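Chemist: Here is the input, now give the coordinates:
(chains A and B)
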Amino acid sequence: MADSPEGSESIVKREPETPARDPIVSRSTSSIMLVCALLMIVSLAWALWDESYGQRPWKGIQQEFVKRYTRYLKSIRSDAGKSEAEVKETAEYQTIDAEAQAALEKITPRRKEIDAAVERIQAQLDAVTDPFQNQRGKITVINYNLETATSDFWRKHYEKQLADKRAERVEVDLPANDGAGKVNTQKLNFPELEKLYNDLRDGKAKLLSEKAELLKEPSELAKKRDDYVKNHVVNVTPKQIDDLIRKNEKFDYSILGHQINVNEFSIVDRCEICHLGVREPVTLKADYLAPAGPGKKPDNLSIAFVSHPNKELLQIHNPDRFGCSSCHNGNGRATTNVVKAHGLNPFWLHPLYRKENTEAGCQQCHSNDRVIQGADVLNLGKDMFYQRGCVGCHRSESFDREADALSGTRQTISQLEEQIAANERQAKQDQDAVANVSDDTEAQRLLAHAESMRVTNSQLAARIDQLNVQTRFLLQDQKKVGPNLKDVRLKLKKEWIPIWLKDPQKFRPGTKMPKFWRFEVDEDGEHDLKAVAAYLWQSGFDGKVPAQQQGSATHGKELFETRGCMGCHSIGEGDNKQGGTFAANLQRVGEKANFDYIVRWIYNPRERWAPYCPKEKRDLTREDYEKHNQPFVFDTELHSKCPNDGAELQVQNMTVMPNFRLAESDARDIATYLFSLSGQTSYADASFMDDPNLKEEGRAEIKQYGCAGCHEIKGFEDEQRIGKELTTEGATPIERLDFALLTQDAEYGRDPLFPDKKEEWYNHRGFFEHKLADPAIYDRGKRKDPKDRLRMPKPYLTDEWRNALTTFLLGSVGAEGANVPYTLFYNPQDQRRQDIQNGWWVIKKYNCMGCHNVQVGQRSVLMDLPFYQTPDGKDLLPPRLTSEGARVDPNWLLRFLHDPSLSDEKNAAAQAAPAAAPSTPNTATTQSKPPSAAGSANPSNSGTNGGGEAGHPFKPQPGANRNGVRLYLQARMPTFNFSPNELQALVRFFMAVSSQQQPYIKENLEPLTAQEQLLARQMFVSGTPCLKCHLTGDPNHDKSAIAPNFLLAGERLKPDWTFRWLLDPSQISPGTAMPTGLFKKADDHWVINLPNPPPGVSEYHRDHARLLVRYMFLMTPDEQRRLLSASPAPVAGAPAAKPQSSDQKVGRNHSHGRGRSVLAQHARSSKFRLASSHGSDYIRP
Amino acid sequence: MLKKRASFWLAMFVAAALLSLALACGGGNKETNNDGGATPTGGKYSGGVGSVSGKTAFNGTAPAPRKIDSSADPVCGQKNPTLSTEDVIVTDGKLANVFIYIKDGTTADGKKISDYAWDTPATAAVLDQNGCHYKPHVMGVMTNQKISITNSDPTTHNIHPQPAVNQEWNQSQVANAAPLEKSFNRQEILVPVKCNQHPWMKSYIGVLKHPFFAVSKADGSFEIKGVPAGKYTVAAWHEKGGSKGTEKTMEVTVTANGTATADFSFDGAAMVRNSQGTSLEMLPAMELPMLVKH
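Modeler: Just a heads-up that it's a prediction; the model follows:
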């Protein structure tokens, strides 16, 4: 081993024979060892630390929470104490307290007596109980022996024993009744003993129940007192705070103590090991728990400690049942760090929703709800999905109710028809076979079978009939987002069409119609655009709309601003824009449309040019009807079937715009106003649109772009939607969302659209947001053939809308993608909740909330318009519907929704409309009006204009030009032509929202006695005379009326609601013109609030308000006339009402006329004014 | 060894975890900017006081008061046959019923006027319904000051204030009824009051946190007394002109025992144009271009 050089050298050199230095022996390794040991120790320490803290950051967090929370609690303790003491010092508390004390004192003497008596009886009872029970026991034993005795001898023996026992006298030391401690010793046999025992017990029970009765009042008062404190102490009480501090002292520093386990749904959520304040009874805000003390600057921890922002929500969705991650997503089990716990690490399927998209969590379970109380962002997202026309190309399950139902119904019909044919064949076979069978029984069997086949067929036919009716209803309910493009030739200026197609947003910023950017980007985009235009133009209905004369623009403006148009439509551009976003902005309609068509449209937008037959797949013509000797008439009521084959037709324009039942002259005036908003424009020549070759190319383009998703286009009536179904889009695996060449940018937070944002957007939210902001974005950098390029056009979306839509999409995950078990989804089983769920789809479909308050706290579009800002304007708002179900009879509501003019009501005559026929108070000078129209603003116009080439004279409107209930409102409740399905959904919705019993059975009201009638009459006209404000049907009187006619009450209202309304209308409808304080409480009933009530009234001791309700419900026209003559208001012929004198007079009834004369004065001085008189802020000269 | 390696990775992991924790938590330190505190912080003012006085002028031709048609309630006509509109009352070019108040400013000792607490008068302000109109037509009260509403008419009224930031109410008051006692607890310029049964009846109540306000008299004069010395923005408000009325402001300096002058003038034409009437009339839309038929 150690042979060579070393050894030889040592020999040569003769070095001392010391062995070579063995490093093992000679060199110290202690330093290395030390280092290693130290490392070991350090790492051990680290491991230990890591084990207890590093992997358990929540420990430190919990300690910090307890520290800060306790500090905060202590800081508010003194205030809380003070507030309770303050409440106890108030006079009201003192009164209640005194009452409670007094009541307690009042009963004290008797209570003491009872207590004493009970004590005495108890002592006697104690004395009796033992002897009695002993005797009873012995008797029971003897009885048993008797029953089981085997011979007469023993039987006799025991009988004797029993008699002896019962007669045996036992000594009882009964304490004396005076309770002085004396003892009466008595000797009693068993029956006496038993009686005594029972009497004593009965006596005691009686006394105790008397005591309970006695204590009832004081204890109720004491409860009232305690409730008073509870209701008036704003914050928590000091006691509660002390409890909380004590709880903190014993704080459970663990995971288990704070984790939510829902075994049923295998939810384990540990969110609350750090978010400790979420469910604390004290509301915690970030700055309360700031590191430097309450009120200082909060840090991240204090932000994490805050209470849940919506505690009511937690009551409905109790975390103990639902967990946290069910709604918020994230990784409920993770505990080691924030990124993991929030599920923000790559590939976690359910990352925590960001704050602005939190409501996506609601959508997971509430996808069938159109409106979710409190989820405003999500509701907006759903609004946008419908209103912006996403629904035209993309299916999202719950949005397709009518379409799904219709195709389902049609499918069922064709299945049933096949079934009928098969049955018929079978029957025939059976019948034929009869001749050949040898056996009579078999022949009978065959005949019976054939017979039952036919009977079955008749049953099936009945089902088909029902389904056909459904088809009609469903056809009526089918709506399109965009207008009917079969009408383009009638409606539009030809040359304008290509301009619009090129960039709708340029012509009308904010319009629903998205920009088809590929017309600009594609090499042959220009050509495609022309082809589309050519197809539309050449496939449109040919004809001419009856010519219309100009009306008065000033009157048209007034109508436009007051009839309710602006609940959906807006007017003005840029900052001057006013009105709703539900429907189009009408500022420039005059630049694109044909005046005559617009008049016809305003008059009745549902009036279709020609009916469409889904069976023949074509629009019917006059000839089709003439062939069958039928008039060319089609409507939803009686003429909805095809004359050729009886199929249900599409007889309406598929628009949600309702019929305002305007007078023809009013329709003209509005159109004139709209056309006056824009000047003349000339467009480039567009004769290419008549090129038949282009038309065929256009057909392909229209198919490619899916135009028929939103529009009715000839030849595309049955076209399917072209977009991806989005029902479960939020659950698409991230790798299947095609970020294309932007994947890396997304991962590294490079944002091509929002360059100053530096965050990663490789997630669902980023994908949706970018796609919505620029649908072309994922084609960036790609070389594609035009036909392969992305097709989605660019919608107009504000940031808020985009976020709302993103939220909606994120939450649309379906059953498989949800972080929530399917069983927790909101699919209500009870009828009431189902009714609410269904109703919202209809409410939102027709934008009822543009004019009405349907939800508590919701604002309608009208409420924020300048016209409704003044004190007088506020009285003209359409009614609140928050308690509609409690207010009206459902049967009446059904009739009203079917025809809001109530024109077929039997008592319509009683409602003589003040504004009947043309609404134009034309007596005032309207110089701006062309003389031709001014002279003939009367129904005769319909004669002159009717009978256009296409045979569409304006049909007379049902319920001509008036409201059914609130005749005084300028806003008009339009006729929506709801199908019976929708009518029912709406009525049920209103009833369900108000928790009304279904079906409603009218309650019989006690008839009035003669005396009661007399009294009610007096009350009606004295004090606050009801008829001063309520309509009566007398036109002179009604000019100044601002409330409904009492003649409607019996049929329309519910008595209980009416009673509550009389007592305090502002509780039901804040801001109403109906005053409170008409009644005051006397003892337990309401009496009319008058300092000097009429004689007789004060002697009537029943409830005055209830009496008036009965009186009102039994009102007759005669009775009303009698009242009218008795009330201080003038009866008839008051000279006041002449509009021409209105310049000198004001009053509600004249504002109209005066306004118009003022209008005339200023007609020439101000240009393009938008606002009404009250909105000076909006006027930009 | 194993432990060491494990703990190395553990350490790395912990470091990474901590880092990500730090990253995740970082950047969230937002300044909270909370200066919306509107509660008075100062005590009572005890320095020298002066006054502000002036006149409110009306430029242009004033519309003559129009007679009100009160035939809907004959009682009104009997009691007050000359009932006429009160929205613009001009005498010799001076405008009455203008509400003048100190909008903002600092007292001589450098504090905001809103920082001081001012005593609410113990006496109630009276709003009377007399002859089917409100007396006064415009008035000012302090927050929480009692307003006593009386009905001197032999008919029923209902009092319906329609405030924007106070509680709305609407109460009926029959003839000979006891006065209603009400108050508003938040500053508001101004609360419109109406009677639904007599729609011409309008009144405006200014609610302020301090007592420095006045209403111009028939001759357009007004005086605000007891104003602490200081520099202020004085505002004059009149009901005409849009749904919010017209407000003009002016800077004044008040010295102890001195009288600062604040003369306001309202442009009649603009006001009348901006609010024709008080109710439902439309503004003229525009000049009508005669449309060409196509």
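Chemist: When you work out contacts or count neighbours from here on, use the C-alpha atoms and nothing else.
Modeler: Fine.
Chemist: residue boundaries of the strands in the stretch 251-400 of chain A?
Modeler: Using DSSP state E, counting those that start in this stretch, the strands assigned to the stretch 251-400 of chain A run over residues A:260-262, A:267-269.
Chemist: Touching the first one from outside, list them.
Modeler: Where contact means CA atoms under 8 Å, 6 or more residues apart in numbering or on different chains, the residues beyond strand A:260-262 that reach it are A:267-270, A:319-323.
Chemist: Mean confidence (pLDDT) on that strand, please.
Modeler: Mean pLDDT, taken over the full extent of strand A:260-262, equals 90.
Chemist: buried sites along it?
Modeler: Of the residues in strand A:260-262, those buried by neighbour count under the rule 16 or more other CA atoms under 10 Å in any protein chain shown are A:260-261.
Chemist: That one pairs with which strands?
Modeler: In the sheet, strand A:260-262 lines up against strand A:267-269 (antiparallel) (DSSP bridges).
Chemist: So which residues make contact with the partner strand?
Modeler: Contact with strand A:267-269 is made by A:259-262, A:322-325, A:331-333, as judged by CA under 8 Å, 6+ apart.
Chemist: Quick check: residues of the stretch 101-250 of chain B near chain A?
Modeler: B:155-160, B:162, B:168-177, B:192-194, B:196-197, B:199-200, B:241-243 (CA under 8 Å from any CA of the partner chain).
Chemist: change it to 10 Å
Modeler: Proximity of the stretch 101-250 of chain B to chain A, by CA under 10 Å from any CA of the partner chain, involves residues B:155-163, B:168-178, B:192-202, B:240-246.
Chemist: that older thread, separate out the buried members of the contacts of strand A:267-269.
Modeler: For the contacts of strand A:267-269, a burial check counting by 16+ other CA under 10 Å picks out A:259-261, A:322-325, A:331-333.
Chemist: Closest one to residue A:135 out of the residues you listed, please.
Modeler: Here the nearest of those to residue A:135, counting by CA to CA, is residue A:261; it sits at 58.8 Å.
Chemist: before we move on, the earlier item: I'd like the contacts of strand A:267-269 laid out as TSV, including distance to residue A:691.
Modeler: Below are the contacts of strand A:267-269 laid out as TSV (distance: CA to CA, whole Å):
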residue	distance to residue A:691
A:259	72
A:260	70
A:261	71
A:262	69
A:322	63
A:323	64
A:324	63
A:325	60
A:331	62
A:332	64
A:333	67
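Chemist: Which of the buried ones among the contacts of strand A:267-269 sits closest to chain B?
Modeler: When these are compared for distance to chain B, the smallest value, 15.5 Å, is given by residue A:331; criterion: CA to the nearest CA.
Chemist: Show the contacting residues for that closest one.
Modeler: For residue A:331, the residues meeting the contact criterion (CA atoms under 10 Å, 6 or more residues apart in numbering or on different chains) are A:268-271, A:324-325, A:338-345, A:348-352, A:819.
Chemist: rerun that using 8 Å as the cut-off
Modeler: Taking CA under 8 Å, 6+ apart as the definition of contact, the neighbours of residue A:331 are A:269, A:325, A:340-343, A:348, A:350-352.
Chemist: confidence score at the closest residue to residue A:399 other than its chain neighbours?
Modeler: Using CA to CA, 6 or more residues apart in numbering or on different chains and skipping residues adjacent in sequence, the residue nearest residue A:399 is residue A:391, 7.4 Å away. We note a pLDDT of 92 for residue A:391 in this prediction.
Chemist: Kindly provide the distance from residue A:391 to residue A:1125.
Modeler: In this view, residue A:391 and residue A:1125 are 59 Å apart by CA to CA, to the nearest Å.
Chemist: Name the residue in those two with the higher neighbour count.
Modeler: A side-by-side neighbour count of residue A:391 and residue A:1125, using other CA atoms under 10 Å in any protein chain shown, places residue A:391 first with 23 against 13.
Chemist: Residue A:398 is in contact with that one, correct?
Modeler: No: at 10.6 Å, residue A:391 and residue A:398 do not qualify as touching, with contact defined as CA atoms under 8 Å.
Chemist: Any stretches of chain B with poor pLDDT?
Modeler: Low-confidence regions of chain B, defined here as pLDDT under 70, cover residues B:1-42, B:272-294.
Chemist: Just want the most central residue of it.
Modeler: Taking CA atoms, centre = their mean, the centroid of chain B lies closest to residue B:189, which sits 0.4 Å from it.
Chemist: Touching, that residue and residue B:207? I think so.
Modeler: Yes: here residue B:189 reaches residue B:207: they are 6.4 Å apart, a contact under CA under 8 Å.
Chemist: Can I get the strands of the stretch 251-400 of chain A in a markdown table including distance to residue A:190?
Modeler: Written out in a markdown table, the entries for the strands of the stretch 251-400 of chain A read as follows (distance: least, CA to CA, whole Å):
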| stretch | distance to residue A:190 |
| --- | --- |
| strand A:260-262 | 62 |
| strand A:267-269 | 67 |
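Chemist: now the helices for the stretch 151-294 of chain B?
Modeler: Residue ranges of the helices in the stretch 151-294 of chain B, as given by DSSP state H, counting those that start in this stretch, are B:268-274.
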